[in-house]
Structures are given as C-alpha cells and as structure tokens.
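Student: next comes the sequence, and after it the predicted model I'd like to discuss.
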Amino acid sequence: MPLGWRVGIATGIAVTIAMGPVAIFQGSLARDAAMAERTQTLRLVAAPLVTDLEHAGGPAEVQMALARFRQAFVHRGLPVPEVELEPGGPDPGDDPPASLSLPVSVASLAGGRGTLRLTMPASLMVRRDREALAGWALHLLATLTVVITFLLVVLRYLVVRPLARLVDAARKMEMGYWHAVRDPGGAWEVRWLAWRFSEMGRQLDLAVKNLVHAERAGALAAPSSPEDAPDCDACESAAPTTEASADTQNAHYDAAADAVDVANARAQRREQDAVLRRLRGVSERLAHGLAAGTPDLKLARVTWDEHASEAERRGDMGLAALLEDLAFRTLHPDTYAELELSLHLGRERRSLWVKLQGRALERLLEDAGCPALTVKHRVKSTASVYRKMQAKGLELDEVHDLFAFRVVVPREQDCYLALGVIHRSFEPLLGRFSDYIASPKPSGYQSLHTIVRPLDPGAPIFEIQIRSEAMHTLAESGSAAHWRYKREPITHAELDL
C-alpha cells in the first residue's frame, strides 16, 4: 500500500478516535436541548387547551375542547400529540422524555381537579432521533473526508510523489545510473536527500575519472620495448601438449553411423528451414493485418511471448526483431509510434556513425596488439528498447545500449587486454561496467560489458561486449544463449491492453 494511503488511513483512524467521544458528547447535548425545546413547545400549545378545559361546563364541552385541540394539529399538518385527562393531581417526579403533565381545574372531574398529560407520538420521536443520528454520522464522515483528502493531497505533493521519485532514482543508481537523481520537489527534507544522493554520485564519478586518468597516464609512461613484453611464445610452449594420437577405434567409424549422422543433420536443417518459413509467414500475416487495419491481437500475443524467441533460438536475429516489433506495434500502437519516432530520428542520423565506429574500434584493437576475431554492431529494436524500459523503469535517454558493439577475441586474457585498450580510448561510465567472466551469470554466460562515452562531443553513448571465442559460442547456442535467459515475457497488463 502506498505511503500516502497508509498515512491517510492512520490519520483517519486517529481522528475518528479523537472526535468520537466529542461527537457523542455533542450529540447528547443536542438531544437534551431538543427534548427541552419539545417540552417547551408542548407547554405553549397546551396553554389554550388548559384554559378551554377550565371553562368547560360539563363532559361534553371537555370532549369538544379536546377534539378542537387535535383538529388544530391535523389542520396544520402537524403530528397530533397524545392527550389524556386524568382525575387527581400530577405524580411527583420528572416526566418521561417529550411528555408534559399539567394540573387543571375541571368541574366535571371528581374533586374538580385533574392532570392534563401531553405526549409526542413515539414514531415522531424515533424519526427525529434517527435524523439526529444521521446528521451526527454525516458530520463525522464529512469531517473525516475533508481531513483525509487534505492529508492525501498534501502528502502526495510534498512527500509521497517526491519520495517515489527519489526511490526510483536510488534504484537506477544501484544499476549504475549515477546521474539519475534530479530534484524531486516536495518537502525540503526530501529535496535535501536528493541533493545528497546527487552529490555522492558526482563525487564518485569524479573519483573514477581521476582513477581512469591515472591509469592512462601510467600506461603511457610504461616502457613499451619488446624486451619488456612477456614472451607469449614461451608461455605457449610451456603449456602441456595433448596427445596427438587417439584410440584406434575412433579412427574407424562405421559407414552406417556416418550415414545416420548425415541424415540427422539434413533432417535438422529441413526442420530449421520449415520453422523459419513458418515464422516468416507469421510476420507477413502480422504486417498484412496492420496494413489492412485488422490487426490480429491473438497472433500478436503469441508472437510476443513465443515466436520471437523461437526465431532468436534458430539464429535469425533479424527475423526475431521483426516479429517482436510487429507484435509490439499490434498490441500497443500508440506507444510504438511514439517510441519509434524518437528511435527513428536517432538511428537515421547515426547509422553511418555506427558503421564507422565499428571499423575504428577494430583498427584500434589491432594497433594496440590485441586483434579481434570479429567486431559486430547492432542497433536495439523498438520492442527491445520497450522491454528494457519496462523491466528497469528507465526513460529513453537512460537506455545506453541503443547502439552496441560485440568484440570477440581468441582467449580469455585477451578480453581484459581489449578492455584496457577501450577504457584508455573512451570515457567509461561510472557503475556501468560488469565483469561476467569473474562472476558468470547463473546460466553460465560470460562476457565483459562496459558502457563508454566517446571523446567526440555529440557522439552517442554505446555499449561494448567483449568475450572470447568459446564464450561467444556458449552465449549464442549453448545454455547461456540470449533467448534462454533474457526472454522474460512482459504481461499484457503492462501493455495496457
């Protein structure tokens, strides 16, 4: 439950406990005042009746006076009080509520004296008590509503919403976005906390920049003569050699087994082609539905949850991105259009830059004596950007891997050599480096991830993944494949369907 609701409910309970006795006491006073007012009213209306009864000459005139009294109430549309004329004087003691006893002198009564008793109708008393209770409850409810609404509004704008922004910024800082803390507004205490978080991020950023600067200076000052370099050939020659020979029985495969292997490979290839053809057909159906204005929502949901990951598992990343984008566009057209517009402007301006940067990165590694086997680049698809924004609660300008490069080097130690070259040539972002070689993911995935900012002003921030050839094979087709651990389906509630 949000903080504002918790505080509002707690305050409402406290106000109810505090106002309850007061309201009950006020209700009791109001009831006593109403009773006194009713008694006074009875006394006033009974005065003419007492005069008529005292001048009545006999029982007939007494009954006529009582009838005129009742008829006057009926004529005015008022509730008729109960009237009783009893011989003898009134009993000592207080009258019941809404009741009045008056002594009268009536010649037709025994002894010439009697008691006139007037009582308001019981139904009227019950109705008025209910009205008073309803008024008290309405007053208490209105007071609570005003108090809780005021507190909710004040807390929302002074505490709850600023705290939510601060918590969101703290979560982003945990993910390495150290500059995500902005002024959240609200109470000065919350703004002071945000300022302290921002200052901490700035100081850490400055400290890391100084460390990187010192690392670069040390690398430039270090001797670079061939004598100072380690003898890699000697290291390789010191490595234990494997047996060149194999078991004699492994050199003689049965021809039938070879035929079975070839048949299995062909069958798998045919299955692969059939699945990809089916998925291409799915993409054509989704595209046709969008073009015709009759989107297939059911097919789009299945594609979002299953088909895109199947295409990625089959190795066709382009088809996977296409299927995911078509499904996203079908399920959530407004968000897709807005996001695609922003991404389209960025990609169109920087597509050439991505290609040139990839070539420059390859030359940079080669010149530093750490040649890469492959350097590939990719631009994140619209649906993939949306997935990341939803999963991590990021804004578009906080997604730093819109443009990414993957560097594959021969050996594990080459990964760290390439990382040093890259960090000396670019400005690494504070907290955005992950060493999955030293600490692999649960799936076994291994790689170095770093996000850097080019030294050229205006160039976009991009991500670089560095891995060995064996790590790349495991990440693409083994247990650590991208589609196995990254395809966590987003519920359709998050798509606002």
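Tutor: Nice, I can see it. Residues are numbered from 1 along each chain as shown.
Student: now Pro428: which helix or strand?
Tutor: Element membership of Pro428 [criterion: DSSP states H and E] is strand 427-435.
Student: if I look at Glu463, how far off is Val421?
Tutor: Look at Glu463 and Val421: by Cβ to Cβ, to the nearest Å, they are 16 Å apart. Just so you know, the C-beta spots here come from the backbone N, C-alpha and C atoms, and that holds for glycine as well.
Student: I'd like the next helix or strand past the strand holding Pro428.
Tutor: Following strand 427-435 toward the C-terminus (DSSP H and E): strand 448-453.
Student: so which elements touch whichever helix or strand comes after that next one?
Tutor: Using DSSP H and E, the helix or strand that follows strand 448-453 towards the C-terminus is strand 462-468. Where contact means 3 or more Cβ pairs under 8 Å, 6 or more residues apart in numbering; DSSP states H and E, strand 462-468 is packed against strand 403-409, helix 412-425, strand 448-453.
Student: output the below-cut-off pLDDT ranges for the stretch 251-400 of the chain.
Tutor: Where the stretch 251-400 of the chain drops to pLDDT under 70, the residues are 251-263, 345-350.
Student: strands of that one, residue ranges please.
Tutor: Using DSSP state E, counting those that start in this stretch, the strands of the stretch 251-400 of the chain run over 374-379.
Student: the strand holding Pro428 pairs with which strands, and in what direction?
Tutor: With DSSP bridges as the test, strand 427-435 is paired with strand 448-453 (antiparallel).
Student: now the strand it pairs with - C-alpha only, PDB.
Tutor: Extracted C-alpha coordinates of strand 448-453, given in PDB (Å, rounded to 0.1, in the frame of the first residue of the first chain):
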ATOM      1  CA  LEU A 448      32.700  -8.200 -20.200                       C
ATOM      2  CA  HIS A 449      30.200  -5.400 -20.500                       C
ATOM      3  CA  THR A 450      31.100  -1.800 -20.400                       C
ATOM      4  CA  ILE A 451      29.400   1.400 -21.500                       C
ATOM      5  CA  VAL A 452      31.500   4.200 -22.700                       C
ATOM      6  CA  ARG A 453      31.200   7.800 -23.900                       C
END
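Student: residues making contact with that strand?
Tutor: 176, 400-401, 415-416, 419, 422-423, 426-429, 432-437, 459, 461-467 (Cβ atoms under 8 Å, 6 or more residues apart in numbering).
Student: swap in 7 Å and give it another go.
Tutor: Defining contact as Cβ atoms under 7 Å, 6 or more residues apart in numbering, one finds that strand 448-453 is touched by 400-401, 415, 419, 422, 426-429, 432-437, 461-466.
Student: give me the residue ranges of the stretch 101-250 of the chain where confidence is low.
Tutor: 110-111, 122-126, 128, 174-180, 207-250.
Student: so of the helices and strands packed on strand 462-468, which one's packed in deepest?
Tutor: Highest mean neighbour count of the helices and strands packed on strand 462-468: strand 403-409, a mean of 22 (counted as mean count of other Cβ atoms under 10 Å).
Student: parallel or antiparallel, list what pairs with that one.
Tutor: In the sheet, strand 403-409 lines up with strand 374-379 (antiparallel), strand 462-468 (parallel) (DSSP bridges).
Student: now do the shortest one: distance to the chain's middle.
Tutor: Going back to what we said before, that points to strand 374-379. 34 Å (Cα atoms, centre = their mean, to the nearest Å).
Student: if you count neighbours, what's buried in that strand?
Tutor: Neighbour counts using 16 or more other Cβ atoms under 10 Å place 375, 377-379 of strand 374-379 among the buried residues.
Student: can you tell me which of the residues you listed is nearest Asp273?
Tutor: Arg378 (24.2 Å; Cβ to Cβ).
Student: domain-wise, how is the protein divided?
Tutor: Following automatic domain parsing, one gets these domains for the chain: 3-120, 257-331, 335-497.
Student: any chance of those in TSV, plus distance to Ala134?
Tutor: Formatted as TSV, the domains of the chain follow (distance: least, Cβ to Cβ, whole Å):
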stretch	distance to Ala134
domain 3-120	11
domain 257-331	50
domain 335-497	42
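Student: to Trp195, which of those domains lies closest?
Tutor: Nearest to Trp195 among those is domain 335-497; the distance by Cβ to Cβ comes to 18.3 Å.
Student: any idea of the mean pLDDT for the longest helix seen in the chain?
Tutor: In terms of residue count, the longest helix belonging to the chain (DSSP state H) is helix 3-54. Averaging pLDDT along helix 3-54 gives 74.
Student: show me how far it is from its chain's centre.
Tutor: Computed by Cα atoms, centre = their mean, the chain-centroid distance of helix 3-54 equals 47 Å.
Student: tell me the first helix or strand C-terminal of that helix.
Tutor: helix 59-75.
Student: so that next one versus helix 3-54, what angle?
Tutor: 150 degrees (axes from the mean of the first three to the mean of the last three Cα atoms, to 10 degrees).
Student: could you dump the strands paired with strand 403-409 to JSON lines with distance to Lys298?
Tutor: Output for the strands paired with strand 403-409, formatted as JSON lines (distance: least, Cβ to Cβ, whole Å):
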{"stretch": "strand 374-379", "distance to Lys298": "30"}
{"stretch": "strand 462-468", "distance to Lys298": "35"}
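Student: who are the contact partners of Cys370?
Tutor: 409, 414, 417-418, 421.
Student: I'd say Ser381 and Leu326 touch.
Tutor: No - between Ser381 and Leu326 there is no contact under Cβ atoms under 7 Å: 10.6 Å.
Student: the two: who's more crowded?
Tutor: Leu326 (27 against 21; other Cβ atoms under 10 Å).
Student: mind listing what the closest residue to the more buried one other than its chain neighbours touches?
Tutor: Excluding its sequence neighbours, the residue lying closest to Leu326 (Cβ to Cβ, 6 or more residues apart in numbering) is Leu286, at 4.1 Å. Leu286 is in contact with 296, 299-300, 303, 326-327, 330, counting by Cβ under 7 Å, 6+ apart.
Student: how many residues are close by the nearest residue to Pro59 once chain neighbours are set aside?
Tutor: Leaving out its chain neighbours, the residue that sits closest to Pro59 by Cβ to Cβ, 6+ apart is Ser108, at 4.9 Å. Neighbour count for Ser108, taken as other Cβ under 10 Å: 17.
Student: now do Phe426
Tutor: Look at Phe426: counted by other Cβ under 10 Å, it has 22 neighbours.
Student: measure it to His449 for me?
Tutor: Applying Cβ to Cβ, the value for Phe426 to His449 is 14 Å.
Student: Thr303 now?
Tutor: According to Cβ to Cβ, Thr303 stands 28 Å off from His449.
Student: about what we covered before: among the contacts of Leu286, name the ones in helices.
Tutor: Short answer: the contacts of Leu286 in helices (DSSP H) are 299-300, 326-327, 330.
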